[in-house]
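Q: Next one to model:
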Amino acid sequence: MMVLPENKLLNLAFLTAAAASVYILESLFMRTLPFPFLRVGFSNIVILYLIYKNQAFNSIIVNVSKTLIGGLVTLTLLSPSTILSLAGGFAAIIAMLLARWLKLGLSIYGVSVIGAIAHNLIQLVLVHRILIQSDSVFMLTPYLISIGLLSGCIIAYVTLYIDEKIVVFSKE
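A: Numbering: from 1, shown residues only. A predicted model of the protein is given here:
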């Protein structure tokens, strides 16, 4: 069981700390693997949770905060990865909010997959624009869409699981 504070600001601080901690741990762990740029994006569980709780502005705050805090702690704050992470996060939030607001009949899985794919594709476009000015980077598109499908489903599943376990703490 996870206990969230009733106070909105304290709740936001808790969720930001949770997202930043997961972001940092995942970043540090992935550096040890052969493909350090690939991530499931477990910190986006908090983002998806906030979107499903109709807290769009808070999802933006958490996205920016976790990325900047994570970049600071992992010493990547001034690197292209921070820009890519921020842009991918914004693209994912916008895509998920649009999917929700347009009432497309998607479950949390569909919304999460849309967010994950938007995140990956905007990063691919930025890599092409900023880092590697070669169209060959787009050969990664099918792989990134596949990774988005998988990670989007994982994030949605874990978000639903955690949502069942959350209890709001009140002073009563």
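
Q: Quick check: which ranges of the protein have low pLDDT?
A: In the predicted model, the chain carries pLDDT under 70 at residues 1-5, 35-37, 167-172.

Q: Name the residues of the lengthiest helix in it that come out as buried.
A: Scanning the chain for the longest helix, with DSSP state H as the assignment, gives helix 141-165. Within helix 141-165, the residues that count as buried by 16 or more other C-beta atoms under 10 Å are 144-145, 147-149, 151-156, 158-160. Every residue, glycine included, has its C-beta placed from N, CA and C.

Q: again, but for stretch 121-131
A: So stretch 121-131, judged by 16+ other C-beta under 10 Å, has buried residues 121-124, 126-128.

Q: would you turn those into a markdown table with secondary structure?
A: Putting the buried residues of stretch 121-131 into a markdown table (DSSP: H, G, I helix; E, B strand; the rest coil) gives the following:
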| residue | secondary structure |
| --- | --- |
| 121 | helix |
| 122 | helix |
| 123 | helix |
| 124 | helix |
| 126 | helix |
| 127 | helix |
| 128 | helix |
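
Q: would you list every one of the helices in this protein?
A: 8-30, 44-52, 56-73, 80-101, 108-126, 141-165.

Q: For residue 133, find the nearest of those helices.
A: Proximity to residue 133 (C-beta to C-beta) singles out helix 108-126 among those, at 11.6 Å.

Q: CA atoms only: put the closest one into CSV for me.
A: The C-alpha coordinates for helix 108-126 follow below in CSV (Å, rounded to 0.1, in the frame of the first residue of the first chain):
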residue,chain,number,x,y,z
ILE,A,108,-5.2,3.5,-20.2
TYR,A,109,-3.1,1.1,-22.3
GLY,A,110,-3.9,2.8,-25.5
VAL,A,111,-3.3,6.3,-24.1
SER,A,112,0.0,5.1,-22.6
VAL,A,113,1.2,3.5,-25.9
ILE,A,114,0.3,6.7,-27.7
GLY,A,115,2.4,8.7,-25.2
ALA,A,116,5.4,6.3,-25.4
ILE,A,117,5.4,6.3,-29.2
ALA,A,118,5.1,10.1,-29.3
HIS,A,119,8.0,10.3,-26.9
ASN,A,120,10.2,8.1,-29.0
LEU,A,121,9.3,9.7,-32.3
ILE,A,122,9.9,13.3,-31.2
GLN,A,123,13.2,12.2,-29.8
LEU,A,124,14.1,10.6,-33.2
VAL,A,125,13.2,13.8,-35.0
LEU,A,126,15.3,15.8,-32.6
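
Q: which helices and strands does it pack with?
A: helix 44-52, helix 80-101, helix 141-165 (3 or more C-beta pairs under 8 Å, 6 or more residues apart in numbering; DSSP states H and E).
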